[in-house]
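A.B. asks: Predicted structure and sequence below. I'll ask about it afterward.
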Amino acid sequence: MATAEKDGKIYCRFSRPKSLASMKVEEEDDPSGPTEITIDLSSGKVIFIAVGKTYNGGNDLAEHVEAPVLSSGKVDFSQFKVARGTTMTLLTQLHGVAMVLAWMLFVSFATVEGRYFREGFGSKMVCGLKLWFQMHRVVTMIAGILTAAGFILIFVKVKGLSKNAQAHTYIGIIVMAATCGQIFLGLIRPDATAGWRPKFNWAHRLLGKATHILAAADLILAFRLPMVSPEMRHFGTTVVAVWISVQVVWEVTFEVNKYLQSKSPKVDSIPGKEETKIEEKVIWKDPNGRLQLILCILFVLTIVSCSVATLCAILIF
């Protein structure tokens, strides 16, 4: 075996028999111990570079502790060519992309648009319903489809629920179940004049907000999984934490702006007389909606930037 470093790159050259027996350990504490396997290079193999421990301090390799760099396909060892790869399989990357787009981008916009931008669209109607509601429904439907797709992709990849599943997995299942709950609520949405409409509105809002919070926590946990490389863990966790922070700041900003534009009635409080409203004072007014539009554009740019940065953490590292 020989190694060399040139132009900032490390080169390794080694030789081995075409067919070689090795020991494999499923789990470090497995009482059955290592099992012998034969690795034959006569046919193509997927290669990877991994970091891990040895079994009980010996020479037998235990399972790697970080995501290995996998070749993009099987490598023919009888040919001389460059093999490229990544630390994540395609299905894992697609799972991450779907979930980031669903919860960091589309749900973030849907929660803000549905609460703070209703008045910005005025009385404009599309297919018999207000424009803000149609937009809200389309965005949430896209988020639901992406969530379901990401959920299915990762279960196909891991072939079901693993016995070594982390908290990230179980929270993801809860998020998927809550998403189905939101879809069900959407199907039974009552008319605006229905007596239980206020209860529906609160249930829809609280379930949506709780699910969004759980999804944000699960994104953090995804980058804290034991197999994630230190570089991806640091970058991804930082970006998600920034997104959570700015999302909170934006929602507080929109809430304050909404309050300042509300009407605060003054009442006559002369003793012995019935209280009557004598004046309505507008604390703040945005007559042309320009401030609301500017805030909306800045908010969208913020969540798009955070989403792109998180996708880079998934696709590049």
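C.D. replies: Arrived safely.

A.B. asks: For the chain, which segments count as helices?
C.D. replies: Using DSSP state H, the helices assigned to the chain run over residues 90-99, 107-116, 131-158, 167-187, 197-222, 230-260, 290-315.

A.B. asks: Which other helices and strands does the last one contact?
C.D. replies: So the one you mean is helix 290-315. Counting contacts by 3 or more Cβ pairs under 8 Å, 6 or more residues apart in numbering; DSSP states H and E, helix 290-315 packs against helix 90-99, helix 107-116, helix 230-260. C-betas here are computed from N, CA, C, even on glycine.

A.B. asks: Might you quantify the distance of it from its chain's geometric centre?
C.D. replies: 14 Å (Cα atoms, centre = their mean, to the nearest Å).

A.B. asks: same check, this time on stretch 78-96
C.D. replies: Computed by Cα atoms, centre = their mean, the chain-centroid distance of stretch 78-96 equals 22 Å.

A.B. asks: go on, stretch 103-122?
C.D. replies: On Cα atoms, centre = their mean, the centre of stretch 103-122 falls 18 Å from that of its chain.

A.B. asks: Same check on stretch 43-53?
C.D. replies: Put simply, stretch 43-53 sits 28 Å off its chain's centre (Cα atoms, centre = their mean).

A.B. asks: circling back to that earlier point, just say which of the helices of the chain is most tucked in.
C.D. replies: When the helices of the chain are scored by mean count of other Cβ atoms under 10 Å, the highest mean neighbour count falls to helix 107-116 (a mean of 21).

A.B. asks: Over that one, what's the mean pLDDT, rounded is fine.
C.D. replies: Averaging pLDDT along helix 107-116 yields 88.

A.B. asks: Can you check what angle separates that helix from helix 290-315?
C.D. replies: Relative orientation of helix 107-116 and helix 290-315, computed by axes from the mean of the first three to the mean of the last three Cα atoms, to 10 degrees: 160 degrees.

A.B. asks: any chance of the helices and strands packed on helix 290-315 in JSON lines, with distance to residue 62 too?
C.D. replies: Converted to JSON lines, these look like this (distance: least, Cβ to Cβ, whole Å):
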{"stretch": "helix 90-99", "distance to residue 62": "22"}
{"stretch": "helix 107-116", "distance to residue 62": "39"}
{"stretch": "helix 230-260", "distance to residue 62": "19"}
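
A.B. asks: do you know which of these lies nearest residue 296?
C.D. replies: Within those, the stretch nearest residue 296 is helix 107-116; the backing value is 8.0 Å (Cβ to Cβ).
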